[in-house]
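**Q** only geometry, no sequence info:
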């Protein structure tokens, strides 16, 4: 029995494994809502002609009239809608999805939270318009086809996701993060309602004097999430999860809440961070649970765990999720149904090295030197490699490519289109095993053309006068379809374990603040993630994380795939389902699995397996198992 | 142990330590005695038990499972 098991806990039974469905019957504006369980984190409110369903939590709504005193979150949201109409979206922050039906306006307004932590999908059928965070719930309705979207699966295999709204099912469409959907007289329109990247206007940078707001906003974010219920924390040993753990422990102590339970996944051998994880939990006096990766993944390791999870709504992306789900179940069994993570720290607290291109463009060599020094201090990579990367890979190369694209867009737009199309088509030519079916191949080429045309308008969303390459990277990190799909996957896994997994660094106000923080201030004190390092140093001086470097280790994932996938490939008889759908040529694929590596554990030294080999090995198997479960 | 609040229909799961805490509360023991007993029975540091008992009692109180408790 661990200390965590000996401490008292009490938890209200909540069934977070269920879902909800909203049905707008054809020819009607009378929204019907179906909620699986009374104890789901869903609230519903009605007024004459209006109905609202909200899952998750919204904050930031102006305190209008009696709304502040309303207990039911859906009532508060509906009250804001009555007063502000769609304008409520200018204020809505948090982790949520909601649907409001308005009989007077004859419309439905639905929205997904800014970062898309809560999924939202829809389908149109003869029954009406259906919305749900669960694809399975939609498909359980008559009229929602289970036909797979084979072009999306094929594009997945060449790492292209050209349509942010499409799913791997033909009949189910995604509402992307930060988007609102309006349905009026059967017509569906979607728009981005949240964009913190100053599209088409000058960046509104904060001043150095405002940096103190960072501590306040992160504190508020942690407090908001701890208030939802007894919490656990995925404590990896890295800076981000340690920061969340330290703040959560501080809050729990101050506010008389149960101490959060540290949940640590222990990787084998040289990849283990157990010493750090144990030390941090001890210093913060957090009760702690460990799960060994091998035990958590179950028999057969990472690749077989992925095959066992083929029944989810999308092919598995994050190979570690089954292991984290096992930890989540253990947390749930100990009364914790909220789990906080350090996710988002890498995205919003660090400065992309591509910022070097902007500094080179403005000939700001002093700042370029500082950026290089910051990077080399913060990452365990050879100085010569950093120097080369800063000068060429992240500096001159993107700068030249960006300038060339601008010039071509202006003077030779057709050539720019043709060039981009050629590069995209190369991704198909390089994979001789992909899309043997001629009709599918044609469809992929059409999708390429559609994407390339859309891509040329993306520059219009960049800020005026700001560092262009920096903001281009920030936009990719915020809006790439994979970001949305990753959130959906985490949601589905965590709900399956009966918990809510939430990310303090993904707080809406905090993300807005960090996007408005100039890169040089994000790297304050000359280190990457300077803001959290400074905060940890001030508030928790004994933790010693101010100078921690991020270790870039060899790929344990790659090693697992190389050693496990060939046997699994033979056992399941190859990619039969993908072949039947015309997505891969099984004979050509087979050559990818013709390796007989040693079964010895990796030492963490030397070159990791080549990801251009291990990625398709992994992806073909995960797609095959997904297709067998859904085909 | 499972507690059911008959008015709200709320169902609460208690682990072994919380269940023991609930039993000791029902015996009308005072808090320092309860904490000392839990620390001894479950081999947990007294200071940690003090904080966790306070947090558990707050949850009991917030959900109207006990009345008259104020952790402040």
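**A** All right, it came through fine. Computed from a predicted model, the values in this text were never measured in an experiment. Numbering: from 1, shown residues only, chains lettered A, B, ... in the order given.
**Q** helices along chain B, start to end?
**A** B:16-26, B:31-42, B:46-62 (DSSP state H).
**Q** ok, residue 48 - how many residues close by?
**A** Let's take chain A. The number of residues packed around residue A:48, counting by other Cβ atoms under 10 Å in any protein chain shown, is 6. Backbone N, C-alpha and C define where each C-beta goes, glycine included.
**Q** sorry, I should have been clearer: chain B.
**A** That count, for residue B:48 with other Cβ under 10 Å as the rule, works out to 16.
**Q** from memory it sits against residue A:7, does it?
**A** Yes. Contact status for residue B:48 versus residue A:7: in contact at 7.0 Å, counting by Cβ atoms under 8 Å.
**Q** intersection of neighbour lists for the two?
**A** residue A:259 (Cβ atoms under 8 Å, 6 or more residues apart in numbering or on different chains).
**Q** regarding residue A:177, what is its secondary structure?
**A** Judged by DSSP: H, G, I helix; E, B strand; the rest coil, the three-state class of residue A:177 is coil.
**Q** for it, which non-adjacent residue is spatially closest?
**A** Spatial nearest neighbour of residue A:177, chain neighbours left out: residue A:116 (2.6 Å); criterion: Cβ to Cβ, 6 or more residues apart in numbering or on different chains.
**Q** just the element for the one you found, please.
**A** Residue A:116 belongs to no helix or strand when assigned by DSSP states H and E.
**Q** roughly how far does it sit from residue A:282?
**A** The gap separating residue A:116 from residue A:282 is 36 Å, by Cβ to Cβ, to the nearest Å.
**Q** also residue A:528?
**A** Using Cβ to Cβ, residue A:528 is found at 26 Å from residue A:282.
**Q** Provide a list of residues in contact with residue 34.
**A** Since no chain was named, I'll use chain A. Residues near residue A:34 by Cβ under 8 Å, 6+ apart: A:20, A:21, A:22, A:23.
**Q** my bad, chain B
**A** Residues near residue B:34 by Cβ under 8 Å, 6+ apart: B:21, B:24, B:25, B:53.
**Q** show me which residues of the stretch 301-450 of chain A sit near chain B.
**A** A:334, A:335 (Cβ under 8 Å from any Cβ of the partner chain).
**Q** now the helices for the stretch 301-450 of chain A?
**A** Remark: helices assigned in the stretch 301-450 of chain A by DSSP state H, counting those that start in this stretch are A:301-308, A:321-332, A:345-348, A:355-361, A:365-378, A:383-388, A:397-411, A:413-429, A:438-455.
**Q** got a list of contacts for the last one?
**A** In this structure, residues lying in contact with helix A:438-455 by Cβ under 8 Å, 6+ apart are A:150-151, A:154-155, A:160, A:162-163, A:417, A:420-421, A:424-425, A:428, A:435, A:582-583.
**Q** looking at those residues, which is nearest residue A:189?
**A** The shortest approach to residue A:189 among the contacts of helix A:438-455 belongs to residue A:163, at 16.2 Å (Cβ to Cβ).
**Q** which element, helix or strand, includes that closest one?
**A** Using DSSP H and E, no helix or strand contains residue A:163.
**Q** who's in contact with it?
**A** Each residue near residue A:163 by Cβ under 8 Å, 6+ apart is listed here: A:152, A:447, A:451, A:481.
**Q** how close does the third one sit to chain B?
**A** To tie it back to what came earlier, the one meant is residue A:451. Using Cβ to the nearest Cβ, to the nearest Å, residue A:451 is found at 50 Å from chain B.
**Q** can you pull the pLDDT of that residue?
**A** Note on residue A:451: pLDDT of 89.
**Q** same thing with the last one?
**A** We note a pLDDT of 95 for residue A:481 in this prediction.
**Q** didn't it look like it was pressed against residue A:167?
**A** No. Assessed by Cβ under 8 Å, residue A:481 is found out of contact with residue A:167, at 10.0 Å.
**Q** the two: which has the busier surroundings?
**A** Set side by side, residue A:481 and residue A:167 show more neighbours around residue A:167, with 23 against 19, by other Cβ under 10 Å.
**Q** leaving out the residues flanking it, which one is nearest to that one?
**A** residue A:174 (5.5 Å).
**Q** what residues does the lengthiest helix in chain A touch?
**A** Secondary structure of chain A per DSSP H: the longest helix is helix A:611-630. Residues outside helix A:611-630 that contact it (Cβ under 8 Å, 6+ apart): A:146, A:148, A:153, A:156-157, A:159, A:168-169, A:303, A:306-307, A:309-312, A:314-316, A:319, A:431, A:555, A:557-558, A:561-562, A:565, A:568-569, A:572, A:575-578, A:581, A:583-584, A:589, A:592-593.
**Q** filter those residues to the buried ones?
**A** A:148, A:153, A:156-157, A:168-169, A:303, A:306-307, A:309-310, A:312, A:314-316, A:319, A:431, A:555, A:557-558, A:561-562, A:565, A:568-569, A:575, A:577-578, A:581, A:583-584, A:589, A:592-593 (16 or more other Cβ atoms under 10 Å in any protein chain shown).
**Q** show me these that map onto strands.
**A** Among these, DSSP state E puts none in strands.
**Q** which stretches of chain B have low pLDDT?
**A** B:70-72 (pLDDT under 70).
**Q** and if we set it to 50?
**A** Across chain B, the ranges flagged by pLDDT under 50 are B:72.
**Q** what does it have sitting close to chain A?
**A** B:3, B:10-15, B:17-18, B:20-21, B:38, B:42-44, B:48-49, B:51-56, B:58-60, B:63, B:71-72.
**Q** just the buried subset of those residues, please.
**A** The buried subset of these (16+ other Cβ under 10 Å) comprises B:3, B:10, B:12-15, B:17-18, B:20-21, B:38, B:42, B:44, B:48-49, B:51-56, B:58-60.
**Q** neighbours of the residue nearest to residue A:177, how many?
**A** 26.
**Q** so what's it up against?
**A** The contact partners of residue A:116, by Cβ under 8 Å, 6+ apart, come to A:176, A:177, A:178, A:483, A:484, A:487, A:488.
**Q** and the pLDDT for it?
**A** 98.
**Q** same question, the one 10 residues further on
**A** Residue-level confidence at residue A:126 comes out at 91, pLDDT.
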